[in-house]
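Novice: what follows is a predicted structure for the sequence shown.
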Amino acid sequence: MISPALSGWLSAFRVYTHPRVLGMLSLGFSAGLPLLLIMGTLSFWLREAEIDRTTIGHLSWVGLAYGFKWLWSPLVDRMSLPILTRLLGRRRAWLLLSQVVITMALIGIAHSDPAVNLTYTVFFALAVAFASATQDIALDAYRIEAVAVELQGAMAATYQAGYRIAMILASAGVLWIAAAVDPSETSYEHSPWRFAYLVMAAFMAVGIITTLIIREPDVPFSRLISENEKYARQAIAHWQISPRLAGMLAWLYGAVVAPFRDFIVRHGRQALVILALIAIYRISDVVMGVMSNPFYVDMGYTKDEVATVSKVYGVIMTIVGAVIGGVLTLKIGIMRTLFLGAVLSAATNLLFVWLAGQGHDVTGLVLTISADNLSAGIASCAFIAYLSGLTNSAYSATQYALFSSVMLLLPKFVAGFSGQFVDAYGYENFFIATAILGLPVLVLVWLAGQARFETTEIPPAESK
């Protein structure tokens with residue numbers, strides 16, 4: 001007989017049968033598919049086409065579109081698309097537009113041979129990057145608005161699961177497809193890559209069909225938005241400018257300035273603690289991750305071993321961790337799960353210290369990857385749910401785009417020095433240092449937990 005406590009935990013897994021939670025699996029797949037197709041997988045193709053390494057390194061900058069998506073997030077948040085918005089609603093309209101552009105741009109990449117004309121390949125890669133970042137903005141807003149706060153953990157878990165599955169397909173899957181139809185492994189051929197990328201473009205139908213099926217979130221145009229624009233119009237009424245320009249400035253205030261003001265006003269001095277937590281929560285994992293692949297090479301692991309254990313099995317463990325994280329956020333709350341994820345992320349880095357002393361040990365690699373990726377899944381799920389709870393539904397796209405950009409700036413900067421640290425002090429000390437980097441995170445999670453998250457709208461500017 002199952003105990004009541006165990007029965008309660010098992011019933012918590014039913015959250016994954018919610019229609020919108022299930023739908024997020026397909027939307028997460030649509031979000032995860034483009035990334036590697038214009039990053040790691042494309043780099044492999046370019047190198048096989050005998051593009052020099054310096055050029056390939058420079059072309060990785062197309063990924064900067066994801067870091068600067070907050071710049072056009074106000075447009076996605078507020079601007080209506082002709083016909084599409086009327087037919088589908090705000091979020092679904094932008095989702096469908098971005099998914100169609102991604103599909104067309106992937107077809108463009110497929111038909112462009114970088115060995116013949118690299119400019120075409122770069123153009124379509126940039127189109128994929130900007131459309132994919134736009135899809136992320138709209139998708140994050142949809143995820144936040146579609147369900148209540150208590151279901152955000154489950155939404156984050158299924159989103160991550162779909163995202164990671166797509167990344168396996170966009171990396172190992174593309175290589176397998178291209179290899180299967182390649183007439184010659186000894187010389188470069190464009191046709192295998194064209195076929196593989198056309199298959200990836202076809203897989204974007206998963207997201208397009210889901211977008212057409214799901215319902216638009218029932219979030220009406222906020223009173224707060226219209227009142228802020230009204231206040232801005234009154235404030236600039238005495239300026240000697242045309243009514244059209246005044247209307248544009250009022251719109252810009254409501255779309256760009258108000259979302260940031262809203263966050264500061266709602267959280268007050270606590271906003272600094274929250275922003276600090278966002279900025280460093282993933283620092284331990286991000287900094288360590290840069291040196292993980294060089295570490296595997298230096299320890300003598302083969303490409304097949306790394307691909308199988310780290311890239312496939314590791315992704316599966318991340319998905320399992322995300323599922324567990326979704327249940328934990330529902331049962332023990334977001335902040336407790338956030339704290340647990342931070343502890344596990346820092347602690348599992350110490351397993352790499354042990355692995356460094358083992359040398360070439362596949363069993364040890366499997367154990368280390370299991371623990372590290374499981375904890376990363378739990379931490380990521382809790383973090384996404386936490387960020388979702390911080391947003392105001394009136395500005396969900398703009399605020400979440402800002403949060404997701406801030407969370408990688410400092411970790412990516414610090415990670416740039418990881419190679420120098422390893423050269424100077426060795427892998428063991430490096431992994432210990434990355435674990436220590438996680439200690440301030442625990443303090444910030446505790447401090448942020450003291451904050452009282454307001455879910456109601458703040459007064460417009462005129463009432464201040």
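Specialist: Thanks, I have the structure now.
Novice: report how many residues lie close to the nearest residue to Trp70 once chain neighbours are set aside.
Specialist: Distance criterion CB to CB, 6 or more residues apart in numbering; nearest residue to Trp70, sequence neighbours excluded, is Ala401 at 4.2 Å. No exception for glycine: its C-beta is placed from N, CA and C like everyone else's. Look at Ala401: counted by other CB atoms under 10 Å, it has 29 neighbours.
Novice: before we move on, what about the one 10 residues further on?
Specialist: Pro411 has 21 neighbours, counted by other CB under 10 Å.
Novice: and Phe431, by the same measure?
Specialist: 24.
Novice: that one is in contact with Val353, isn't it?
Specialist: Yes - between Phe431 and Val353 there is a contact under CB atoms under 8 Å: 4.7 Å.
Novice: which strand or helix spans the closest residue in space to Gln160 that isn't next to it in sequence?
Specialist: Once flanking residues are discounted, Gln160 sits nearest to Ala322: 4.1 Å by CB to CB, 6+ apart. Per DSSP states H and E: Ala322 is located in helix 314-331.
Novice: contacting residues for the residue nearest to Trp70?
Specialist: Contacts of Ala401 were listed using CB atoms under 8 Å, 6 or more residues apart in numbering, and they are Lys69, Trp70, Ser73, Asp136, Ile137, Asp140.
Novice: what residues of the strand or helix carrying it count as buried?
Specialist: Assigned by DSSP H and E, Ala401 belongs to helix 396-415. For helix 396-415, burial by neighbour count (16 or more other CB atoms under 10 Å) applies to 396-408, 410-411, 414-415.
Novice: and that helix, what's its mean pLDDT?
Specialist: Here helix 396-415 scores 75 as its mean pLDDT.
Novice: and the next helix or strand past it?
Specialist: Beyond helix 396-415 toward the C-terminal end (DSSP H and E), the next one is helix 418-437.
Novice: that next one packs against which elements?
Specialist: On a contact count with 3 or more CB pairs under 8 Å, 6 or more residues apart in numbering; DSSP states H and E, helix 418-437 meets helix 283-290, helix 292-298, helix 334-358.
Novice: in it, what counts as buried?
Specialist: For helix 418-437, burial by neighbour count (16+ other CB under 10 Å) applies to Ser418, Phe421, Val422, Tyr427, Glu428, Phe430, Phe431, Ile432, Ala433, Thr434, Ala435, Leu437.
Novice: got a list of contacts for that helix?
Specialist: So helix 418-437 is contacted by 280, 283-284, 287-288, 290-291, 294-295, 298, 346-347, 349-350, 352-353, 356-357, 414 (CB under 8 Å, 6+ apart).
Novice: mind running it again at 6 Å?
Specialist: 283-284, 287-288, 290-291, 295, 346, 349-350, 352-353, 356 (CB atoms under 6 Å, 6 or more residues apart in numbering).
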